[in-house]
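**Q** Pasted the sequence and its predicted model underneath.
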Amino acid sequence: MKLHMTASRSQEQFYFWMLVTPCLIGFLWFTAGPMAVSLWWSFTTYNVIDPPVWLGFDNYSYLVLHDPAFWPSVRVTVVYTVFAVPGGLLISTAVALLLNQPVRSRALLRTIYFLPTILPAAASAVIWVWIFSPTGGLLNNMLESVGIRGPAWTHSPHWALPAMIIMSLWGFGGAMVIVLARLQDVPRQLYEAAMLDGANAWQRFRHVTLPQISPVLFFNLVMGTIGAMKVFDQAFMFGAASGQVPGGPARATLFYVLNLYQKAFTYFHFGLASAMAWMLFAAILAITLFNFYAAKRWVHYEN
């Protein structure tokens, strides 16, 4: 009996490693390996043609103290994150609450609101550049029809970033579906008990709905923050489709990852780009840990 159990356990271990090994090889080859190489490059000067030359922490100090594009890209990314993430969270939650009501054609409305999420980011950026076009754009034409002269959205250093923030709010469908799924799982007896206690609609939302959906709000907050700090394709296409250098005008849309891309694949400063990548990794890790720490105060789980 003992010999049979030993043979069965050995067989299970064999199948386990047989199934896991391809994933481990893929992780080491495509993720862990490139990360290790990038970490090494971050301490060197490397331009692909010549071998890497060790510099120590010079890349990091140059970025923080001397690089003219580093802090503008940090500012653009921070401003975008501060406005786009809460805005997207608010809109997705509000629309999910509306679509959770017993209305006709509810399934069709959910599909319509989710459609922008599956549209490729590059394609949506081209559409929004046309909407924000200073001459002949849909938005300015609508404003002009009511006697308002619209700004030069895509060509103004003051309005380009707000235009991108507005553009980001369009893709709230993914977060909306997650909130909606949680809303449908809220026990009805909680609302019935609150109504018996005399709670009005706002009190039911404040004391029943919000605590129940707080875990998915926290999830959307964390994922939205990480996504906002890694914006690239929308920023790249926003500049290219509006006939400007990506990051323009006047670095108004020079996001951090776009700056990293330019350093790596335009100027071939792979050492600086690797250092920027690891600084971004450290910033995302720190902000995510802070969010998990702060979540103890407002996220409520069923247990």
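**A** Yep, that arrived.
**Q** use CA for all of it now, contacts and neighbours both
**A** Fine.
**Q** Can you list the low-confidence ranges for the stretch 151-300 of the chain?
**A** 243 (pLDDT under 70).
**Q** How are the helices of it distributed by residue range?
**A** Secondary structure of the stretch 151-300 of the chain by DSSP state H, counting those that start in this stretch: the helices cover 160-169, 173-183, 188-196, 201-204, 210-229, 233-241, 256-265, 270-295.
**Q** In TSV: those helices, plus distance to Val64 and mean neighbour count.
**A** Output for the helices of the stretch 151-300 of the chain, formatted as TSV (distance: least, CA to CA, whole Å; neighbours: other CA atoms under 10 Å):
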stretch	distance to Val64	mean neighbour count
helix 160-169	23	20
helix 173-183	34	21
helix 188-196	52	13
helix 201-204	47	13
helix 210-229	18	19
helix 233-241	23	21
helix 256-265	13	21
helix 270-295	10	17
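**Q** Export those helices to a markdown table and append columns for distance to Ser10.
**A** Formatted as a markdown table, the helices of the stretch 151-300 of the chain follow (distance: least, CA to CA, whole Å):
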| stretch | distance to Ser10 |
| --- | --- |
| helix 160-169 | 52 |
| helix 173-183 | 41 |
| helix 188-196 | 49 |
| helix 201-204 | 56 |
| helix 210-229 | 39 |
| helix 233-241 | 48 |
| helix 256-265 | 47 |
| helix 270-295 | 39 |
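**Q** nearest to Ile131, of those?
**A** When the helices of the stretch 151-300 of the chain are compared by CA to CA, helix 160-169 sits nearest Ile131, at 9.9 Å.
**Q** by contact count, what packs against the closest one?
**A** helix 70-99 (3 or more CA pairs under 8 Å, 6 or more residues apart in numbering; DSSP states H and E).
**Q** starting at the chain centroid, how far to whichever helix or strand comes after the helix it packs on?
**A** Counting by DSSP states H and E, the element after helix 70-99 in chain order, helix or strand, is helix 106-118. For helix 106-118, the separation from the chain centroid amounts to 20 Å (computed by CA atoms, centre = their mean, to the nearest Å).
**Q** Report the angle between helix 106-118 and helix 173-183.
**A** 140 degrees (axes from the mean of the first three to the mean of the last three CA atoms, to 10 degrees).
**Q** Now do helix 106-118: everything it contacts.
**A** For helix 106-118, contacts defined as CA atoms under 8 Å, 6 or more residues apart in numbering pick out 99, 170-174, 176-177.
**Q** send the alpha carbons of that helix over as CSV?
**A** Listed next in CSV are the C-alpha coordinates belonging to helix 106-118 (Å, rounded to 0.1, in the frame of the first residue of the first chain):
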residue,chain,number,x,y,z
ARG,A,106,-30.7,46.5,-20.6
ALA,A,107,-28.5,43.9,-22.3
LEU,A,108,-28.3,46.0,-25.4
LEU,A,109,-27.3,49.1,-23.4
ARG,A,110,-24.6,47.1,-21.6
THR,A,111,-23.2,46.0,-24.9
ILE,A,112,-23.2,49.5,-26.4
TYR,A,113,-21.4,50.9,-23.4
PHE,A,114,-18.8,48.1,-23.4
LEU,A,115,-18.0,48.4,-27.2
PRO,A,116,-15.4,51.3,-26.9
THR,A,117,-13.3,49.0,-24.6
ILE,A,118,-12.7,46.5,-27.3
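**Q** what comes up buried for it?
**A** Neighbour counts over helix 106-118 (16 or more other CA atoms under 10 Å) mark 110, 113-114, 116 as buried.
**Q** Quote the end-to-end distance of stretch 183-197.
**A** 21 Å (CA to CA, to the nearest Å).
**Q** any residues touching it, and which ones?
**A** Against stretch 183-197 from outside (CA under 8 Å, 6+ apart): 97, 100, 204, 208-209, 212-213.
**Q** now that stretch, how far from the chain's geometric center?
**A** 33 Å.
**Q** likewise stretch 296-303?
**A** For stretch 296-303, the distance to the chain centre is 23 Å (CA atoms, centre = their mean).
**Q** Show me the contact partners of it.
**A** 211-212, 214-215, 218.
**Q** Distance check, Leu221 against Gly88.
**A** Per CA to CA, Leu221 is found 9 Å from Gly88.
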